[in-house]
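# okay, structure incoming, though there's no sequence with it:
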């Protein structure tokens, strides 16, 4: 599991929590999504501290090979590969 510096992982790396700032909140699975595989994102809690939108997506970039630990892009827009996402509130 890879995540930005403003995220902590818990519950066996299945729960991500933002701890600071709006940037550096990316979270990546440690395994690839297979063709026709379904994945689920569950929002357990929301806080009024953050304003904006949630983006959930996939990328063809292999994060573990491309970025050193702690050196992930600050936002989804900074990824240097094919990335698809949905955005909403």
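The structure has been received and is ready for your questions. Quick caveat: nothing in here was measured; it's all calculated off a predicted structure.
# pLDDT below threshold where in the protein?
Of all residues in the chain, those with pLDDT under 70 make up the ranges 1, 64-70, 89.
# in it, which spans are strands?
2-3, 7-10, 15-18, 27-28, 54-59, 83-88 (DSSP state E).
# what's the span of stretch 29-44, first residue to last?
Its start and end residues considered, stretch 29-44 measures 18 Å (Cα to Cα, to the nearest Å).
# revised request: answer the last question for stretch 59-76.
Stretch 59-76 end-to-end distance (Cα to Cα) = 9 Å.
# got the residue ranges for the helices in this structure?
With helices called from DSSP state H, the chain shows them at 63-66.
# quick one: neighbours of residue 60, just the number.
Using other Cβ atoms under 10 Å, residue 60 has 10 other residues around it. For glycine as for every other residue, the C-beta is placed from the backbone atoms N, C-alpha and C.
# how close does it get to residue 72?
Separation of residue 60 from residue 72 (Cβ to Cβ, to the nearest Å) stands at 16 Å.
# residue 44 against residue 16, yeah?
No. Using Cβ atoms under 8 Å as the test, residue 44 is too far from residue 16 to be in contact (10.0 Å).
# what bridges to residue 16?
On the basis of DSSP bridges, residue 16 is bridged to residue 9.
# so what's it up against?
3, 7, 8, 9, 27 (Cβ atoms under 8 Å, 6 or more residues apart in numbering).
# what subset of those is buried?
Buried by 16 or more other Cβ atoms under 10 Å: 3, 7, 27, out of the contacts of residue 16.
# correct me, but the first one touches residue 72?
Yes. Counting by Cβ under 8 Å, a contact exists between residue 3 and residue 72, whose distance comes to 7.4 Å.
# find residues that contact each of those two.
What both residue 3 and residue 72 touch, as defined by Cβ under 8 Å, 6+ apart, is the set 26, 28.
# and the spatially most central residue of the chain, what are its bridge partners?
In the chain, the centroid-proximal residue (Cα atoms, centre = their mean) is residue 27; its distance is 2.6 Å. Applying DSSP bridges to residue 27 gives these bridge partners: residue 3.
# residue 87 now?
Beta-bridge pairing of residue 87 under DSSP bridges involves residue 55.
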